[in-house]
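Chemist: Pasting a predicted model and its sequence here:
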Amino acid sequence: MKHYKIALIKGDGIGPEIIDEAVKVLDAVSSKEKFEITYNDYLMGGIAIDVKGEPLPDETISGCLESDAVLFGAIGGEKWDKLPRDKRPESGLLRLRKSLGVFANLRPTTVFDELINASTLKPEIVKGVDLLVVRELIGGIYFGQPRANDGNKAYNTMVYEKDEVVRIARVAFEAAQKRSKKVCSVDKSNVLEVSQLWRDTVTEVAKEYPDVALSHMYIDNASMQLIRNPKQFDVILTGNLFGDILSDEASMVSGSIGLLPSASIGGKVGLFEPIHGSAPDIAKQGIANPIATILSAAMMLRFVLDETSAANRIEAAVKEVLRGGYRTKDISQFDAKEVCSTSEIGSIIADRVSKI
Ligand code: NAD
């Protein structure tokens with residue numbers, strides 16, 4: 001029997017509640033598909049500051065590096081907001097991504113027919129949207145040197161090495177091969193030299209994937225097109241800054257923040273997490289939606305553990321449960337037949353997983 005070691009980082013706010021439900025569903029799918037999972041808990045974020053005095057203790061990094069994958073809830077909260085930037089919970093997450101070397105962030109946006117009215121866009125615009133944003137995660141302007149702010153003058157540096165563009169482009173083309181075979185690369189090459197290198201390099205890499213159609217778009221136009229006609233996109237490939245903004249915009253096309261998963265891969269160990277934050281406003285009330293985390297667990301099974309059938313099973317169970325009208329409070333206004341707590345919906349999904 002195959003055996004996987006998963007690092008769990010529950011974090012702050014609703015993090016522990018949503019991770020518990022993902023584990024419930026993973027346990028159900030692993031017993032059905034005949035593999036075993038061992039979980040180890042590690043601290044990061046506000047809770048790590050409280051317990052260990054720092055947002056990312058060394059044992060968290062080493063524990064994650066010894067695991068097959070990391071499943072992460074969310075971090076942050078008002079309590080730690082006043083700390084200096086490098087001591088805050090978020091700095092722990094940035095350092096963890098860097099330590100794991102996860103350079104590719106994958107964020108799918110799928111619109112569930114049952115929740116079509118959750119979007120602020122018209123149903124005919126969003127029905128059938130199925131796109132994937134592939135964002136470069138550990139380079140570009142968020143990490144470029146020099147950077148400074150002396151109170152009178154401030155600057156950051158957007159820098160990409162050709163190799164960094166090649167490896168993220170390959171992730172996008174390979175993902176497109178398993179989808180609708182279209183990549184749209186987003187840049188600002190009419191203004192930025194770094195984008196000119198980006199565009200030339202992506203065009204060169206595209207030659208290795210003749211079955212995938214490549215197009216290019218400027219970031220300003222892409223931001224408009226995503227709202228005007230999101231169905232035109234299959235895979236959107238972009239850098240760290242543009243990807244940060246575009247992936248949030250893309251997620252809002254679906255309108256339901258509690259449903260969208262993400263994967264950060266390409267390094268030593270993959271990191272899987274919901275796109276939302278720690279939602280302190282609803283923590284410990286049993287009303288958080290765990291589906292984004294459950295779908296992140298499905299991405300983990302698909303992208304690093306190669307358990308495709310188990311991933312399909314979870315995704316199908318989530319669709320069935322939504323079709324059946326089961327809703328957590330955040331999406332209860334959309335055709336709910338039964339409003340469920342965090343733990344109830346986790347149990348219903350786990351139960352469906354075993355029966356599919
Ligand atoms: P948020 O995503 O936590 O919450 C935004 C809104 O969406 C809130 O009203 C919240 O109740 C709701 N929401 C989010 N997830 C939900 C879920 N699963 N079910 C139901 N409702 C949900 O964003 P925020 O309020 O801007 O940030 C709160 C904290 O989270 C901050 O400290 C922020 O720094 C942190 N944060 C962490 C991450 C991360 O850990 N990756 C990402 C974003 C924000």
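Modeler: Looks like it arrived, so ask away. Bear in mind the structure is a predicted one, so any value in this text is a computation, not a measurement.
Chemist: in the protein, which residue is closest to the centre?
Modeler: Centroid-nearest residue in the chain: Ser262, 1.7 Å away (criterion: CA atoms, centre = their mean).
Chemist: State the helix or strand in which that one lies.
Modeler: strand 261-265 (DSSP states H and E).
Chemist: and if you look at Cys64?
Modeler: Per DSSP H and E, Cys64 falls inside helix 58-65.
Chemist: Show me what that helix is packed up against.
Modeler: Here helix 58-65 touches strand 2-11, strand 35-42, helix 89-100, going by 3 or more CB pairs under 8 Å, 6 or more residues apart in numbering; DSSP states H and E. Heads up, the C-betas are built off the backbone N, CA and C, glycines and all.
Chemist: quick one, strands of the stretch 151-300 of the chain?
Modeler: Secondary structure of the stretch 151-300 of the chain (DSSP state E, counting those that start in this stretch): strands at 154-155, 182-187, 213-218, 235-238, 261-265, 270-274.
Chemist: List phi and psi for whichever residue of the stretch 151-300 of the chain sits closest to the ligand.
Modeler: Per CB to the nearest ligand atom, Gly277 is where the stretch 151-300 of the chain lies closest to the ligand, at 2.5 Å. Main-chain torsions, Gly277, degrees, to the nearest 10: phi -90, psi -160.
Chemist: how many neighbours does it have?
Modeler: Counted with other CB atoms under 10 Å, residues neighbouring Gly277 total 18.
Chemist: what's near enough to touch it?
Modeler: When contacts are counted by CB atoms under 8 Å, 6 or more residues apart in numbering, Gly277 touches 13, 74-76.
Chemist: Of those residues, which are in range of the ligand?
Modeler: 74-76 (CB under 6 Å from any ligand atom).
Chemist: Which one of the residues you listed is nearest to Gly325?
Modeler: Ala74 (26.9 Å; CB to CB).
Chemist: State the pLDDT value of that closest one.
Modeler: pLDDT recorded at Ala74 is 98.
Chemist: isn't it right up against Gly11?
Modeler: Yes: assessed by CB atoms under 8 Å, Ala74 is found in contact with Gly11 at 5.2 Å.
Chemist: Would you mind listing the residues touching both of those two?
Modeler: Shared contacts of Ala74 and Gly11 (CB under 8 Å, 6+ apart): 45, 278.
Chemist: remind me, longest helix of the chain?
Modeler: In the chain, with assignment by DSSP state H, the single longest helix is helix 15-33.
Chemist: What residues of that helix count as buried?
Modeler: For helix 15-33, burial by neighbour count (16 or more other CB atoms under 10 Å) applies to 15-30, 33.
Chemist: Could you do stretch 266-281 as well?
Modeler: For stretch 266-281, the neighbour count (16+ other CB under 10 Å) marks 266-267, 269-280 as buried.
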